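In: Can you look at this prediction? I've put the sequence above it.
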Amino acid sequence: MKFNCDMGESFGSWVKGNDAAVMPFVDMANIACGMHASDPMTMARTVMLACRYGVSIGAHPGYPDLLGFGRREFALEGEELEACVLYQIGALDGICRAQGRRVEYVKPHGALYNKMMRDEATLDSMIAAVRRYGVDLPLVVLGAGESANAALRERAAVQGVELWFEAFADRAYGADGRLVPRIKPGAVHTDAERVIQQVREIVEQGQVSTLEGGTIPLQADTLCLHGDNEQLLAAVGRIRAALS
């Protein structure tokens with residue numbers, strides 16, 4: 001089980017998260033590509049930091065929405081969405097190549113990620129964009145139970161794309177298996193003990209408790225802790241220890 005974190009989401013003089021403190025504790029850095037957050041210098045510095053600690057680098061594309069931090073849905077479909085995603089992967093990959101690295105996977109951000117998981121056309125566009133850039137790039141999607149994961153895996157395999165399934169350490173789940181919208185109370189876990197409990201539940205039991213009080217099956221390859229969850233950054237070492 002690998003630990004991933006959204007990073008490189010600062011923009012100019014505006015700072016988001018604490019990448020330098022978190023990077024030593026993660027396996028995968030999902031680096032913003034300049035549309036929902038980040039800028040060329042932030043991307044370059046974050047790639048350099050990932051190189052220093054031997055962390056895998058993933059492209060973290062989102063909707064073109066700096067003002068809304070990529071959490072608002074945009075009406076991009078088909079070729080337009082593919083081009084938007086290809087643009088972002090290529091930008092980060094160019095910075096990686098200059099430092100002797102490559103983008104190793106793709107994980108969409110925010111509203112794009114959520115729409116991909118509920119809208120088949122958006123998912124197909126994401127898969128197509130990843131395939132067109134490089135068939136060796138896995139696409140990170142929201143994990144679920146074994147049968148649901150298998151169906152998604154087969155859908156991506158048609159285009160020759162591998163999927164990595166993700167669970168969230170610091171987000172609440174609904175009974176439908178989706179992430180609870182951030183506007184609802186309790187959607188984001190800010191208590192380290194609650195996060196550690198959820199990590200252990202996912203890793204050891206293959207399930208997760210829902211906000212409604214039940215449990216649902218959840219099989220995942222990687223766990224995400226959000227880089228902008230300031231309350232948990234100080235406890236990232238403890239959370240990593242629980243994951244181990």
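Out: Received the coordinates, thanks.
In: C-terminal to the lowest-mean-pLDDT helix or strand in the chain, what's the next element?
Out: Scoring the helices and strands of the chain by mean pLDDT, DSSP states H and E places helix 230-233 at the bottom, with a mean of 69. Next in sequence after helix 230-233, counting helices and strands by DSSP states H and E, comes helix 236-243.
In: Of all the residues in that following helix, which ones are buried?
Out: By 16 or more other C-beta atoms under 10 Å, the buried positions in helix 236-243 come out as 236, 239, 240, 242, 243. The way it works is simple: take the backbone N, C-alpha and C, and place the C-beta from them, glycine included.
In: Specify which member of these is nearest to residue 149.
Out: residue 243 (19.9 Å; C-beta to C-beta).
In: Hmm, the closest one is touching residue 4, no?
Out: No - counting by C-beta atoms under 8 Å, residue 243 does not reach residue 4; the two are 10.9 Å apart.
In: Could you tell me the per-residue confidence at residue 193?
Out: pLDDT for residue 193: 88.
In: Next up, phi/psi of it, please.
Out: The phi/psi pair for residue 193 (degrees, to the nearest 10) reads phi -60, psi -40.
In: can I get the buried residues of helix 236-243 in a markdown table with distance to residue 74 and pLDDT?
Out: Output for the buried residues of helix 236-243, formatted as a markdown table (distance: C-beta to C-beta, whole Å; pLDDT from 0 to 100):
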| residue | distance to residue 74 | pLDDT |
| --- | --- | --- |
| 236 | 31 | 80 |
| 239 | 32 | 79 |
| 240 | 34 | 81 |
| 242 | 36 | 75 |
| 243 | 34 | 71 |
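In: I'd like those as TSV, with distance to residue 92 appended.
Out: Formatted as TSV, these follow (distance: C-beta to C-beta, whole Å):
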residue	distance to residue 92
236	23
239	26
240	25
242	30
243	26
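In: quick check, nearest of those to residue 185?
Out: residue 239 (22.4 Å).
In: That closest one against residue 197, yeah?
Out: No - counting by C-beta under 8 Å, residue 197 is not a contact partner of residue 239; they are 10.7 Å apart.
In: Which other helices and strands does the longest helix along the chain contact?
Out: The longest helix of the chain (DSSP state H) is helix 78-98. If contacts are counted by 3 or more C-beta pairs under 8 Å, 6 or more residues apart in numbering; DSSP states H and E, helix 78-98 sits against helix 40-53, strand 56-60, helix 120-133.
In: can you give me how far the second one is from the chain middle?
Out: Think strand 56-60. 9 Å (C-alpha atoms, centre = their mean, to the nearest Å).
In: Fine by me, we can end here.
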